[in-house]
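Novice: A predicted structure for the sequence below; I have some questions about it.
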Amino acid sequence: MIFDAHTHIHFPAYNKDRNEVIKRAQAAGVKMITVGTNFKTSQGAIAIAEKYPDDIWATVGCHPNDLENFNVEEFRHLANHKKVIAIGECGLDYYRLNNLSTSDVDRIKEKQKHVFLEQVKLANELNKPLMIHCRPSKGANDAYEDLIKIYDQSNFKVPATNHFFVGSLNVAQKFLDRDFYLTFGGAITFARDYDEVIRFYPLERILLETDAPYVAPVPYRGQRNEPAYVMEVAKKLAEIKNLSLNKVIKQTTKNIFKSFSVSGY
Ligand SMILES: [Zn+2]
């Protein structure tokens, strides 16, 4: 068994052949957490998780680039569902704010922080872990620094997973001090920017992801990604950390059970 900790199998990219894609994952022994990004996609995530009770779990949340109609009450209702094992993806995304005026940037950042904090509170209240999306502006670690500030001020106690980590070694150390789990995905198979952090971060705090349909790993690069390809991420991670593939698969699966209440096993 191997876990894709962050995927979007309920997205329209799979509308034509979703059952086949899931069958390929099942054949490869891949279980998955399918991640909501707004109210509608969170409902979609739950619907698929209900349909495949032994293989798929859901998260519900509001992505920082999708804040328009955020209403925490709607998410509270969804989050109580038994297949919902985390709140998210939620967090901060400063990557696309480059060409805006300073006042617009400030306004958007404040809104993102507010919506994130609402979801942190909800996670605390329901005692469900957080699936965090945090993307700094190009070449910076600004969003991570702000995330850590919010974490420290809000004193939340639920486990936190930061998906698709792209931060510096210094930020990784801060995340480790706060017991964060980090996920790594397809990008590690074709970019060497992550090697240093991967070698540094303990395997006991690492999860594997595809983020499908995005960022397919080598040898599928440029194609639509799918959960079965998480095996390629595992292989690369094993190579970078100089560990056996078996050890990486076993430990990252163990980490899923520690960080999320994946029931049925
Ligand atoms: Zn995602």
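Specialist: It's in. Numbers count the residues shown, from 1 in each chain.

Novice: can you map out the strands along this structure?
Specialist: Secondary structure of the chain by DSSP state E: the strands cover 2-7, 30-35, 56-60, 84-93, 130-135, 160-163, 181-184, 206-208.

Novice: nearest to residue 223, of the ones you listed?
Specialist: Checking the strands of the chain against residue 223 by CB to CB gives strand 2-7 as the closest, at 15.1 Å. To be clear about C-beta, it is placed using only N, CA and C from the backbone, and glycine gets the same treatment.

Novice: and that closest one, what other elements does it pack with?
Specialist: With contacts defined as 3 or more CB pairs under 8 Å, 6 or more residues apart in numbering; DSSP states H and E, the packing partners of strand 2-7 are strand 30-35, strand 160-163, strand 206-208, helix 230-241, helix 245-259.

Novice: how distant is that strand from the center of its chain?
Specialist: 9 Å (CA atoms, centre = their mean, to the nearest Å).

Novice: quick one, that strand and strand 56-60 angle?
Specialist: Here strand 2-7 runs at 30 degrees with respect to strand 56-60, directions being taken by axes from the mean of the first three to the mean of the last three CA atoms, to 10 degrees.

Novice: just checking, residue 47 touches residue 18?
Specialist: No: with contact defined as CB atoms under 8 Å, residue 47 does not reach residue 18; the gap is 11.0 Å.

Novice: these two - which one has more neighbours?
Specialist: Set side by side, residue 47 and residue 18 give different neighbour counts by other CB atoms under 10 Å, the larger being at residue 18 (17 against 13).

Novice: what about residue 177, distance to residue 201?
Specialist: Separation of residue 177 from residue 201 (CB to CB, to the nearest Å) stands at 12 Å.

Novice: I meant residue 143, not that one.
Specialist: Going from residue 143 to residue 201 by CB to CB gives 18 Å.

Novice: thinking again about what came up before, now the helices and strands packed on strand 2-7 in a markdown table, with distance to residue 151 and mean pLDDT?
Specialist: What follows is the helices and strands packed on strand 2-7, written out as a markdown table (distance: least, CB to CB, whole Å; pLDDT from 0 to 100):
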| stretch | distance to residue 151 | mean pLDDT |
| --- | --- | --- |
| strand 30-35 | 20 | 98 |
| strand 160-163 | 7 | 96 |
| strand 206-208 | 18 | 98 |
| helix 230-241 | 25 | 98 |
| helix 245-259 | 16 | 96 |
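
Novice: so which of those comes closest to residue 59?
Specialist: Closest among the helices and strands packed on strand 2-7, once you apply CB to CB, is strand 30-35, at 4.8 Å.
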